[in-house]
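J.: Sequence first, then the predicted structure:
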Amino acid sequence: MIEKGIIIKQRGRHLHTGLFFPGPYEAAMSSLAYQSLYSFVNNLSGVLCDRFIVETGRSIEHNLEFKDIKVAFITAPFILNAPDVIKLCHYGLLPHHEIRAVCVGGVAVAANPGLFKFSDAVVFPGTIESHTEHINMIFKMVKAGYSRKRIIETVQPLADRVDMVFKDPGPLEYEPPRSIIYSDEAEFANMHLIEISRGCKGNCNFCLSKHLYAIYREFEYDSIIRAIDLSPPDIKTIGLIGDAVLSHSRIADIVDYIIYRKKRPAFASIRIADLTSKKISLILKSNIKTLTIAPEVATERLMRVTNKFYDKNMLFDALKELIANGVMNIKLYMMIGLPSETMEDIGAMIDFIREVREVLIDSSRNRGRLGTLKVTINNFVPSPFTPLFIHNPDSIENLEKKHALIKTSLSGLPNLTISTMDIFDTLYQTALFRTDYKYVRRVICGGSVNEKERFEQDSSFADDILRLCYK
């Protein structure tokens, strides 16, 4: 493992803090929330923040143990992280009374705060920037010698008042989260990541991000330029992060500046609505080789159900131009199991995937080699705050039937790969969105094997999960 950008402080002169991520190292190092918290805490006077490898119980920077720290921070970006967070707290951190404050935050916490309401932890339902005042308060109280109980009683009521929903449509005025540490083992190795916006201009009925933030907001252009300038000279790719990257009002200027700095822009998933002629020119100028888009559905009826509309002819015309000019790989995200979905909708999706493949093959043939199409089939998960949260996921039997039909219908086609979302993950996410901490600790965190194996082997556990999914 080779890292650049780590922050080393003198161990003996600072209050020791641990930063934890409920997942593998490579995922942690690609999380801007994790990296931003690492930078923010280390920039506080008199505080040292080390990253911990949960499996070893030791920190990366100073080889600290759990008992050596006074404050612990855990970021939980996904709802599937919840059981690991609970296990880490109750079996790893909370038994160490030397730790005066255990703090849990992230998108998963905002999605279902009740899932993380431990009696001995401070829960931050929102972004890091929303709680900087509360984090500072915790360190002041720890330095003053306050107990864990007193810190929670003081800080938690203030943290609970934070509303993650954006009410002001103006720009985000703080510095955008960016890469601090670079690792050869990160998911986005050799890339400088910058978050340029939050929320989405779309209004999809299934999208947690849209309904969590409510309003699409951009980081200011000047702050993004400063973040670009902080990229190391040997890192040549700038990854622009957001749910609607090409929707940024200054995206053309941002791309031009990245190219001016002799670096290459890379985009997260692109909204179909942003595939206008001007935005296509930006993509081509950026020398992008893979385009990631998420049509999700293929019929007008399901477009109305999801409130996600697009013009197929416009999409195909955009793909033809992009592929003919060197964008040789397409990643396509589709969704099944939506409320009121029929097998006719699945048939239309299969036909749509075939059409996209034909566009890819026909448009890339003249370039001397054929492009590739990778399709990911996700299953509908009813997410909190969304209009579709009131619905249940599709039945296991239906999902298995639809997966089989899609794979069988498209198998054997060259230059096409199909992957499907694990059905257990669909059920597990739904259950976690719909339950609370007491239930998860008692039922889900009680086994010694992983949850999927328990679901297959333990009928009582499976019944508990299914009861939450199919109310």
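T.: Structure's in. What do you need? Residues are numbered from 1 along each chain as shown.
J.: where exactly do the helices run in the stretch 201-350 of the chain?
T.: For the stretch 201-350 of the chain, applying DSSP state H, counting those that start in this stretch gives helices covering 208-213, 221-229, 251-260, 277-285, 300-306, 312-324, 343-364.
J.: helices and strands around the shortest one, which ones?
T.: Taking 3 or more Cβ pairs under 8 Å, 6 or more residues apart in numbering; DSSP states H and E as contact, the helices and strands that helix 208-213 lies on are helix 107-111. For glycine as for every other residue, the C-beta is placed from the backbone atoms N, C-alpha and C.
J.: Run through who's touching the helix it packs on.
T.: Contact partners of helix 107-111, identified using Cβ atoms under 8 Å, 6 or more residues apart in numbering, comprise 33, 76-79, 81-82, 115-116, 123-126, 164, 208-209, 212, 383-385, 433.
J.: Likewise for stretch 254-266?
T.: 191-192, 196, 221, 224-225, 228-229, 231, 235-240, 248, 282, 285-288.
J.: how about 7 Å then?
T.: Defining contact as Cβ atoms under 7 Å, 6 or more residues apart in numbering, one finds that stretch 254-266 is touched by 191, 196, 224-225, 228, 231, 236-240, 248, 282, 285-287.
J.: Quick one: end-to-end distance for that stretch.
T.: Across its full length, stretch 254-266 reaches 12 Å between end residues, using Cα to Cα, to the nearest Å.
J.: For that stretch, which residues meet the burial criterion?
T.: Using 16 or more other Cβ atoms under 10 Å as the test for burial, stretch 254-266 gives 254, 255, 257, 258, 263, 264, 265, 266.
J.: Quick check: pLDDT value at the fourth one.
T.: Going back to what we said before, that points to residue 258. In the predicted model, residue 258 carries a pLDDT score of 97.
J.: what does residue 233 give?
T.: 94.
J.: and what of residue 218?
T.: Value listed for residue 218 in the pLDDT field: 93.
J.: same deal with the one 3 residues further on?
T.: The predicted structure scores residue 221 at 97 on the pLDDT scale.
J.: Excluding chain neighbours, what is closest to it?
T.: residue 250 (4.3 Å; Cβ to Cβ, 6 or more residues apart in numbering).
J.: do residue 120 as well
T.: residue 94 is the one closest to residue 120 (Cβ to Cβ, 6+ apart), at 5.0 Å.
J.: ditto for residue 209
T.: residue 243 (5.2 Å).
J.: So the one you found versus residue 221, what's the distance?
T.: With distances defined as Cβ to Cβ, to the nearest Å, the gap from residue 243 to residue 221 amounts to 19 Å.
J.: quick one on the thing from earlier: mind picking the two most distant members of the buried residues of stretch 254-266?
T.: Taking every pair in these and measuring Cβ to Cβ, the maximum separation is 14.5 Å, between 257 and 266.
J.: circling back: quick one: which of the buried residues of stretch 254-266 is nearest residue 466?
T.: Taking Cβ to Cβ as the measure, residue 466 sits nearest to residue 266 out of the buried residues of stretch 254-266, at 40.6 Å.
J.: Residue 267 is in contact with residue 240, correct?
T.: Yes: taking Cβ atoms under 7 Å as the contact criterion, residue 240 and residue 267 are neighbours in contact, 5.6 Å apart.
J.: what stretches of this structure score poorly on pLDDT?
T.: When residues are selected by pLDDT under 70, those of the chain lie in 163-169, 443-449.
J.: Spatially central residue in it, please.
T.: Centrality entry for the chain: nearest residue to the mean C-alpha point is residue 77, 5.9 Å, by Cα atoms, centre = their mean.
J.: quick one: contacts for that one?
T.: Residue 77 makes contacts with 31, 33, 106, 107, 108, as judged by Cβ under 7 Å, 6+ apart.
J.: With residue 100 instead?
T.: With contacts defined as Cβ under 7 Å, 6+ apart, residue 100 is in contact with 70, 71, 142, 148, 151.
J.: Secondary structure element holding residue 49?
T.: Counting by DSSP states H and E, the secondary-structure element that holds residue 49 is strand 47-53.
J.: strands paired with that strand, and their directions?
T.: Strands adjacent to strand 47-53 in the sheet, as given by DSSP bridges, are strand 15-20 (parallel), strand 58-59 (antiparallel).
J.: Skip ahead from the longest one and say which helix or strand is next.
T.: On the C-terminal side of strand 15-20, the closest following helix or strand by DSSP H and E is helix 25-28.
J.: Show me which residues of that next one are buried.
T.: Going by neighbour count (16+ other Cβ under 10 Å), the buried part of helix 25-28 is 25, 27, 28.
J.: and of those residues, the nearest to residue 406?
T.: With Cβ to Cβ as the yardstick, the closest approach to residue 406 among those comes from residue 27, at 27.8 Å.
J.: I'd say that closest one and residue 187 touch.
T.: Yes: here residue 27 lies in contact with residue 187, judged by Cβ under 7 Å, at a distance of 6.1 Å.
J.: Surely residue 159 is in contact with residue 126?
T.: No: in this structure, residue 159 is not within contact of residue 126 by Cβ under 7 Å, at 8.1 Å.
J.: These two: who's more crowded?
T.: Neighbours per residue, other Cβ atoms under 10 Å: of residue 159 and residue 126, the larger number sits with residue 159, 23 against 20.
J.: Identify the residues contacting the more buried one.
T.: Contact criterion Cβ under 7 Å, 6+ apart gives 122, 123, 124, 131, 134 as the residues in contact with residue 159.
J.: Out of the residues you listed, which end up buried?
T.: If we count by 16+ other Cβ under 10 Å, the contacts of residue 159 have these buried: 122, 123, 124, 131, 134.
J.: so of the contacts of residue 159, which ones are in strands?
T.: Using DSSP state E, the subset of the contacts of residue 159 located in strands is 122, 123, 124.
J.: What distance do you get for the first one to residue 158?
T.: Spelled out, that is residue 122. Residue 122 sits 10 Å away from residue 158, going by Cβ to Cβ.
J.: List the buried residues of the strand holding residue 49.
T.: Of the residues in strand 47-53, 47, 48, 49, 50, 51, 52 count as buried by neighbour count, 16+ other Cβ under 10 Å.
J.: again with stretch 409-417
T.: Within stretch 409-417, the residues that qualify as buried are 409, 410, 416, counting by 16+ other Cβ under 10 Å.
J.: between the residues you listed, which is closest to residue 440?
T.: residue 410 (37.5 Å).
J.: And that closest one, how far from residue 297?
T.: Taking Cβ to Cβ, one finds residue 410 at 17 Å from residue 297.
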